[in-house]
Each structure stands twice: as structure tokens, then as C-alpha cells.
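*Asks:* Can you look at this prediction? I've put the sequence above it.
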Amino acid sequence: MDGREIPDRERKKYFKILSNHSAPPSGSKYSQENITKLAEESKKRKRSEAFAIKKSCQRVQRHEALQSSLSGVCLGRELGLQPRSILSKDGWARASACSIQNPIIVAESYGNTEILHFDLDPLRRELYVGLSNFVLDKIIPLPPSRCKDVYTESEGTSTKYHIRERIHVMSSPISSVNLSPVSRTLVTTSTGSDKAPTIHLATAPFIDTVAEIYQLPDYADVCAAALSPPIGMSYDEIIAIGGSIGLMTLQRTGHSGWTASQSLTVPNVRALAWLSPTALAVGLRNSSIYIWDSRSRGHRMCLKNPNPSTGATASVSSLRRADDPTRLVVAGLSNSLSILDIRMPRTKGRHGTSQPVVQFDYSNSTYFGLGLDVNSELGLVAAGDEHGAIQLYSMQTGATLKSFPCSPEMYVQRNMSHCIRFLEDDRGKPKIMASLGKEILEFGW
């Protein structure tokens with residue numbers, strides 16, 4: 001009993017009495033192992049209870065009247081927090097398309113010059129127009145007392161006269177006109193042909209007098225430009241420029257000057273679209289679509305634009321953000337217009353393409369730079385085709401909701417819409433403005 005060795009004469013061995021001879025059996029509740037486990041479980045339980053009390057104190061408590069599931073659903077529906085189904089969103093898009101009015105001619109160019117690109121100043125209600133003769137004009141609407149409307153019975157449209165002021169003459173065809181909502185900087189780019197492409201920057205209200213001009217190499221061209229969306233009250237801004245030399249960015253912080261840098265070296269950038277204040281979609285002529293991040297300055301190829309008829313790839317001509325940062329409305333050659341999701345896998349094979357979420361009935365076989373825009377609140381996609389018509393599609397189902405064909409004279413002259421924008425009028429209601437030949441059309445509700 002005291003640890004001494006007890007001899008066994010028959011086996012000729014000694015047996016030692018160990019110190020745990022009086023320990024309880026292994027299945028006992030109060031063994032040393034079970035007591036240790038119970039202590040650890042008690043500590044975990046106390047920590048979880050303390051964390052639950054802390055979380056309940058730091059979170060907003062739900063009112064007792066909203067404890068039932070029915071009252072919560074009704075309140076969410078009243079506040080607009082409940083996600084709508086695809087059928088309800090498509091019905092909203094159809095109702096919006098049915099109530100759109102006939103187009104009104106709000107501006108018209110002089111001579112045989114064609115209006116290629118434009119943008120509207122939401123504060124001063126002025127139009128900045130890029131013409132086919134390399135001229136950048138500002139069109140000021142007349143006061144209501146001096147405005148005269150001329151109605152055409154055959155077309156059912158009215159023409160509004162404006163005062164025209166010349167801002168600048170570019171050295172080559174104008175490829176984009178954009179007005180920044182953050183700094184009110186007017187950004188105009190030229191493609192470059194006999195002369196080198198240029199980037200013209202002018203800040204309101206000194207657009208007519210003071211400007212910064214960036215000139216690119218002679219061998220380059222500029223096909224697209226996109227301005228980053230605002231981030232709260234910040235004045236930080238990025239201007240993305242795409243062309244044959246890849247992706248170039250002009251960036252400034254606060255009220256400092258612009259800093260130019262080469263951000264992505266890929267061939268033949270044809271389209272740009274910001275998915276968020278820090279993520280930019282870059283569409284290439286070889287059907288690839290890259291996502292570039294302004295924080296890390298990194299990039300990755302995420303999508304391949306599919307050809308709807310053959311299943312091969314198709315060049316990208318226009319990009320727009322859809323109703324979610326992961327979804328893109330992609331227009332391209334070979335009659336391709338679809339919504340692509342960066343989370344969807346590509347088909348297998350050497351030339352694998354991305355699987356479209358929604359496919360649209362679109363007609364454009366060979367032309368780059370046709371107009372395209374999206375309004376996610378209305379659920380509408382507006383696109384110009386190669387026949388000069390402006391089509392309205394449902395973003396949810398891809399159905400063609402309305403078509404506005406061009407006049408026979410414009411069809412003979414092969415006039416097409418190169419710029420389409422969803423904007424707001426003086427009352428805050430949405431409207432569509434589109435360039436078509438020598439005219440800018442307005443579609444209101």
C-alpha cells in the first residue's frame with residue numbers, strides 16, 4: 001500500500017503498488033480527464049455568453065411589433081427593401097417602354113456635318129457636341145420666351161433652336177465627349193489619323209478659354225474614354241483612356257493637377273466601363289474583357305465576348321455596367337449584344353467564350369462605336385444598330401420592347417447613332433438622348 005514491492009514466489013516476479021491504485025474507474029464522472037473537459041467547456045460557454053451580451057448591446061433591437069414574419073415582409077415591401085422577381089422587373093421595363101413619347105429634335109448641326117458624340121451639363125442645361133469636322137461646340141438653349149417650335153406633320157417631331165458657340169477644334173476625328181460630375185471637367189478625345197491623338201481637358205466655367213491638352217504618340221489612336229464615378233464628397237478622380245497602346249489613366253487627388261500613367265499594356269482597347277469607383281472593365285478587339293483595379297493597379301482577364309451565331313468569339317465595341325457590379329452589357333461585332341457575368345465560367349477549349357446571362361436580338365456586323373447605354377432602375381437597355389434604328393430592350397429577359405427606325409433619307413445616307421445616353425430633365429424624370437446623323441433626338445416620358 002505504501003509503494004513497496006510485493007514478491008510473487010510462484011512467478012518469480014515482483015509487483016509494485018502504484019500511486020493511482022485508489023483512482024476511480026475509467027468511466028467515472030469525476031475522473032481527472034472528465035473534470036478537465038468540463039472546465040474547458042465551462043470557459044467556452046462563458047465566453048460565448050459574454051460575446052452574445054456584447055453583440056446584443058451593440059446592435060439595434062427589433063421592435064416587438066415587428067417580431068412576426070408577416071409584419072416584417074410588409075414593412076420591407078413598403079420601404080422597397082424586398083427584391084423584386086424577374087417577372088415584376090420585366091413588367092416595369094415594359095411599362096416604361098410603352099409610355100415613352102415620340103422623339104423630339106433638340107439640336108441640329110449645320111451643313112453636312114454629323115454629330116458623333118455629346119454630353120449634357122446637368123447644372124447649366126448646356127450640350128457639348130463633337131462634330132464630324134473635328135469641331136467641339138457648346139449649344140445653349142434659348143429662353144422659353146424666344147424658343148420657337150416647328151412641327152412636322154409627317155414625323156410628329158418639333159425642332160428647338162439654340163445658340164451655338166465654338167469651344168475648340170481637334171486635330172483629328174472626335175472619339176468621345178464626357179463631362180465629369182465631380183470636378184465639372186470636360187474631357188474630349190480624338191482618334192488620331194494624320195495628326196497625333198489628343199486629350200482635351202477644360203474645367204467649367206472656363207471651358208471656352210483655359211484647357212489642358214495631352215498629346216499621344218503619332219502611331220497611337222484613342223477609341224474610348226470613361227470617367228470614374230464619384231465616391232461620396234471626395235474630389236479624387238480617374239479618367240481612363242483606351243486605344244491601340246492599351247489603357248492610359250489621368251488621375252488627380254483633391255484639387256491637384258492631373259498625373260498621366262500607362263496602366264495596362266494590351267493591344268487595341270475598344271471600350272471602357274466603370275463597374276465601381278475602383279474597378280474598370282476594359283474591352284478589346286480580340287473579344288477579351290479585362291478587369292483593372294485602381295487600388296492595386298492589377299488586372300485579370302475575366303470574360304470572352306461570344307458570337308451568338310457561331311459560338312466563337314466576337315470583337316467588343318461597347319461596354320456598360322448592368323444592374324450589378326458583376327454584370328456587364330457587352331456589345332460587339334457579329335450581331336453580339338448580351339449580358340455577361342464575371343462569375344460565370346467560360347466554355348472549354350482554346351477559344352472558350354463566356355456564357356451569356358441574357359441575349360439580345362441585335363444587328364451590327366461590322367461597325368465599331370455605335371451607341372449603347374443602360375438604365376438599371378427602369379430595367380432598359382438602349383442600343384443603336386447598323387440600320388440607324390434605336391432599340392429598347394428589357395434587361396431581364398432580352399426582349400425587344402420598342403424600336404425607333406430612322407427616316408428613309410438617313411437610311412440611304414447610312415446614318416447611325418454613335419452616342420446614346422440616359423439622362424434626367426429639369427423635373428428629375430428620365431429621358432433618352434441620342435445622336436443620329438445631323439440631329440440629337442430626345443425621348444421623354
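*Replies:* Thanks, I have the structure now.

*Asks:* alpha carbons only for contacts and neighbour counts from here, please
*Replies:* Fine.

*Asks:* Read off the pLDDT value for residue 189.
*Replies:* We have a pLDDT of 94 for residue 189.

*Asks:* let me redo that: residue 412
*Replies:* Residue 412 is given a pLDDT of 65.

*Asks:* now residue 434
*Replies:* At residue 434, pLDDT is 94.

*Asks:* and it, which of the three is it?
*Replies:* Of the three states, residue 434 takes strand under DSSP: H, G, I helix; E, B strand; the rest coil.

*Asks:* so how far is residue 331 from it?
*Replies:* Distance, residue 434 to residue 331, using C-alpha to C-alpha, to the nearest Å: 17 Å.

*Asks:* Pull the number of nearby residues for residue 173.
*Replies:* 21 (other C-alpha atoms under 10 Å).

*Asks:* my read: it touches residue 133, true?
*Replies:* Yes - under the criterion of C-alpha atoms under 8 Å, residue 173 makes contact with residue 133 at 7.0 Å.

*Asks:* Just say helix, strand or coil for residue 46.
*Replies:* Looking at residue 46 with three-state DSSP, the answer is helix.

*Asks:* same check, this time on the one 10 residues further on
*Replies:* Using three-state DSSP as the criterion, the local structure at residue 56 reads helix.

*Asks:* For residue 140, see how far away it is.
*Replies:* 58 Å.

*Asks:* Likewise for residue 45?
*Replies:* From residue 45 to residue 140 the distance is 72 Å (C-alpha to C-alpha).

*Asks:* of these two, who's got more company?
*Replies:* Legend: neighbour count by other C-alpha under 10 Å for residue 45 and residue 140, higher for residue 140 (17 against 12).

*Asks:* Angles on the backbone of that one, please.
*Replies:* With angles defined as degrees, to the nearest 10, residue 140 sits at phi -110, psi 130.

*Asks:* That one is in contact with residue 129, isn't it?
*Replies:* No - between residue 140 and residue 129 there is no contact under C-alpha under 8 Å: 11.0 Å.

*Asks:* give me the number of residues near residue 282?
*Replies:* Residues near residue 282, counting by other C-alpha under 10 Å: 28.

*Asks:* Next, the buried residues of the helix or strand hosting it.
*Replies:* Secondary structure assigned from DSSP states H and E places residue 282 in strand 279-284. Neighbour-count burial for strand 279-284, counted by 16 or more other C-alpha atoms under 10 Å, picks out 279, 280, 281, 282, 283, 284.

*Asks:* what does stretch 170-177 give?
*Replies:* 170, 171, 172, 173, 174, 175, 176, 177.

*Asks:* For that stretch, which outside residues touch it?
*Replies:* With C-alpha atoms under 8 Å, 6 or more residues apart in numbering as the contact definition, stretch 170-177 has outside contacts at 116-119, 128-136, 186-198, 222-225.

*Asks:* what bridges to the nearest residue to residue 121 once chain neighbours are set aside?
*Replies:* Using C-alpha to C-alpha, 6 or more residues apart in numbering and skipping residues adjacent in sequence, the residue nearest residue 121 is residue 127, 6.4 Å away. Here residue 127 sits in beta bridges with residue 120, residue 139, going by DSSP bridges.

*Asks:* so how many other residues sit close to residue 127?
*Replies:* Neighbour tally, residue 127, other C-alpha under 10 Å: 20.

*Asks:* what's residue 259 in contact with, if anything?
*Replies:* Per C-alpha under 8 Å, 6+ apart, neighbours of residue 259: 249, 250, 251, 252.

*Asks:* Angles on the backbone of the last one, please.
*Replies:* In other words, residue 252. Torsion angles, degrees, to the nearest 10, at residue 252: phi -150, psi 150.

*Asks:* so where's the stretch 201-350 of the chain uncertain?
*Replies:* Low-confidence segments of the stretch 201-350 of the chain (pLDDT under 70): 205-206, 208-209, 233, 349-350.

*Asks:* Need the nearest residue in space to residue 393, chain neighbours excluded.
*Replies:* Looking at residue 393 with C-alpha to C-alpha, 6+ apart, the closest residue is residue 400, at 4.5 Å.

*Asks:* thinking residue 132 is in contact with residue 115, fair?
*Replies:* Yes - the pair residue 132 and residue 115 qualifies as a contact (C-alpha under 8 Å) at a distance of 6.2 Å.
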